[in-house]
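**Q** pasting the sequence and the predicted coordinates here, then a few questions.
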Amino acid sequence: MILGAICTRRCSFCSVASGFPEPVDSHEPEKIAGAVRKMGLQYVVITSVTRDDLHDGGADHFARTVHALRASLPSVRIEVLTPDFRGSMESLSIVLDSNPDVFNHNIETVPRLYGHIRPHADYHRSLTVLRFAKNFAPGMHIKSGIMLGFGENLHEVTNSLRDLRTAGCTIITIGQYLRPSKHHVPVVDYVRPEMFRELRTTALEMGFHHVASGPLVRSSMNAEEMYQDAVSAQHPLKSSSSPKNIELDFVTEAENV
């Protein structure tokens, strides 16, 4: 996670601290690259707090981090999980110009619940971010995630999946919301594994290349496998692996933990 540990927004589900962030560490991109090189990582997810205090929302810092990683490890695969940059297409362009392998922006919940769950965000703005990313870089994999358990219904979730697919998403994660503390919004429903399986089938039928759906699924877990699965689905002749079998194994593992 880059750009510090203090978020300028306060979402009712999130355990990240909110308040006034510290100044940006201008040397952080090189520090990240050094750490990745030292650990020998082949796939990296770069995410951040939301920095509405910065004129570009931290977009240039994202791009500098991607460039530093490419310079240090040319073969590394990079996924960026970004905030919405207040809908700034200029900021998004800066990040996308750095050419990550996967662009990820989570919608988190259905539109009806945004005022309660994400009061400083906007559902349609997030869809616009994803759509812009797909149009900007048609060959890039676009990813998003949604949590269940806030009180949404099946029809709302299905509509949101359709919205995401229409916006150009090829990878989707669907997981169970778990309350970080008593100060966060309570869990309304604990969704049964059968419902996660049903949603996975629905999403695959919509044309998603990879669907990770299970109670313990999180946006960045098994991210490299998600990416490889999506590549295999997009170019089936280049891989002998079966995306469907990989996903079934993944969901089974998540449900049995």
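**A** Sure, I can see it. Residues are numbered from 1 along each chain as shown.
**Q** tell me the phi and psi of residue 48?
**A** The phi and psi values for residue 48, taken as degrees, to the nearest 10, are phi -160, psi 170.
**Q** now for it: which residues touch it?
**A** By CB atoms under 8 Å, 6 or more residues apart in numbering, the residues touching residue 48 are 1, 2, 3, 58, 61, 62, 81, 82, 83. (Glycine included, C-beta is placed from N, CA and C.)
**Q** pLDDT score assigned to the second one?
**A** Model confidence at residue 2, expressed as pLDDT, equals 98.
**Q** could you measure from it over to residue 174?
**A** 26 Å (CB to CB, to the nearest Å).
**Q** neighbour-wise, which of those two wins?
**A** Taking other CB atoms under 10 Å, residue 2 and residue 174 do not tie; residue 174 has more neighbours (25 against 20).
**Q** isn't that one right up against residue 197?
**A** No: using CB atoms under 8 Å, residue 174 makes no contact with residue 197, being 10.3 Å away.
**Q** which residue is nearest the centroid of the protein?
**A** residue 104 (3.9 Å; CA atoms, centre = their mean).
**Q** what sits against it?
**A** 45, 79, 80, 81, 82, 142, 143, 144, 145, 171, 219.
**Q** can you show me the helices along the stretch 101-250 of the chain?
**A** 114-117, 123-136, 154-167, 193-206, 223-234, 243-256 (DSSP state H, counting those that start in this stretch).
**Q** just these: most buried one?
**A** helix 223-234 (a mean of 21; mean count of other CB atoms under 10 Å).
**Q** what packs against that one?
**A** strand 43-47, strand 77-81, strand 141-148, strand 171-176, strand 210-213, helix 243-256 (3 or more CB pairs under 8 Å, 6 or more residues apart in numbering; DSSP states H and E).
**Q** now that helix, how far from the centre of its chain.
**A** 14 Å (CA atoms, centre = their mean, to the nearest Å).
**Q** what do you get for stretch 1-8?
**A** On CA atoms, centre = their mean, the centre of stretch 1-8 falls 16 Å from that of its chain.
**Q** show me which of the contacts of residue 48 are buried.
**A** If you count burial by 16 or more other CB atoms under 10 Å, the buried members of these come out as 2, 3, 58, 61, 62, 81, 82, 83.
**Q** closest to residue 205 out of those?
**A** residue 81 (25.9 Å; CB to CB).
**Q** how about the contacts made by that closest one?
**A** 45, 46, 47, 48, 104, 105, 106, 219, 220 are the contacts of residue 81 under CB under 8 Å, 6+ apart.
**Q** turn those residues into CSV, columns for distance to residue 136 and pLDDT.
**A** Compiled in CSV, those are given as follows (distance: CB to CB, whole Å; pLDDT from 0 to 100):
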residue, distance to residue 136, pLDDT
45, 20, 98
46, 18, 98
47, 19, 97
48, 19, 97
104, 14, 98
105, 13, 98
106, 19, 98
219, 21, 92
220, 22, 91
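**Q** tell me which two of these sit farthest apart.
**A** The span of those, defined through CB to CB, is set by 46 and 106 at 14.2 Å.
**Q** ok, back up a step: what's the lowest-pLDDT member of the contacts of residue 104?
**A** residue 219 (92).
**Q** roughly how far apart are that one and residue 180?
**A** Residue 219 is 15 Å from residue 180, by CB to CB.
**Q** looking at the two, which one has more neighbours?
**A** residue 219 (23 against 12).
**Q** ok, back up a step: bridged to the residue nearest to the centre of the chain, which residues?
**A** Beta-bridge pairing for residue 104 (DSSP bridges): residue 81, residue 143.
**Q** still on that earlier bit, between the buried ones among the contacts of residue 48, which sits nearest residue 100?
**A** For these, the nearest to residue 100 is residue 62 (8.5 Å; CB to CB).
**Q** how about the closest one: what's its closest non-neighbour residue?
**A** residue 95 (4.8 Å; CB to CB, 6 or more residues apart in numbering).
**Q** many thanks, have a good one.
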